[in-house]
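A.B. asks: I would like the atomic coordinates for the input below:
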Amino acid sequence: MTRRTLVLGGTRSGKSAHAEGLLTDPVVTYVATARRYPGDDDWDRRIARHVERRPAAWTTVEAPDLPELLAAAGGDDPPLLVDDLATWLTGVLDDAGAWEGGGTDEVERECSALVSAAAACRTRLVVVSAEVGLGVVPSTRSGRLFRDHLGSLNARLAEVCDEVFLLVAGIPLTLREAGGAGP
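C.D. replies: Okay, here's the model as predicted:
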């Protein structure tokens, strides 16, 4: 059985819907990593669209301590769907003060803890993340910081996942199949 799956893709690529479709269990724990921002109606509408798409039997956990949640998951727990690492990392960068030039060690510790927890997770795990490393060099320090940390986190997480997909224009491309080393 596939235990860990990473689903990557760009904005509006269909990565979340694809990840949701991978789980056929009647009960799933949907781990929503996005933080809510007071007064950001557009962000609230985006979150609402994701909520509307989920089956009613799924449980939602919002903005958790992600490494702790993955480490605590037991083999008899429902599958976990984490959506997504880009919003989780944004929160980590915020909390560490990394946008202002500090906190690099704290960000690295959190990312390492997440990868270790994913590798040891004892229930079915599907993780969604944005693919940001396709050649554009951001013009701002904060953009480069985010791109570099997320690219590194995606690569490290891919190493511990049984299967990895990349969604392009709604089409899933298999980068690693369960039981194999890739295409």
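
A.B. asks: For the lowest-mean-pLDDT helix or strand in the chain, list every residue counted as buried.
C.D. replies: Scoring the helices and strands of the chain by mean pLDDT, DSSP states H and E places helix 41-53 at the bottom, with a mean of 85. Neighbour counts over helix 41-53 (16 or more other C-beta atoms under 10 Å) mark 47, 50 as buried. Using the backbone N, CA and C atoms, a C-beta is placed for each residue, glycine as well.

A.B. asks: Point out where this structure drops to low pLDDT.
C.D. replies: Low-confidence segments of the chain, defined by pLDDT under 70, span residues 1-2, 180-183.

A.B. asks: what about Ser142, which helix or strand?
C.D. replies: helix 141-160 (DSSP states H and E).

A.B. asks: I'd like the distance from that helix to the chain centre, please.
C.D. replies: On the basis of C-alpha atoms, centre = their mean, to the nearest Å, helix 141-160 is displaced by 11 Å from the centre of the chain it belongs to.

A.B. asks: and what of stretch 112-128?
C.D. replies: From the chain centre to the centre of stretch 112-128 is a distance of 10 Å (C-alpha atoms, centre = their mean).

A.B. asks: What is the end-to-end distance of that stretch?
C.D. replies: End-to-end distance for stretch 112-128, by C-alpha to C-alpha, to the nearest Å: 17 Å.

A.B. asks: so Leu166 sits in a helix?
C.D. replies: No: with DSSP: H, G, I helix; E, B strand; the rest coil as the criterion, Leu166 is strand rather than part of a helix.
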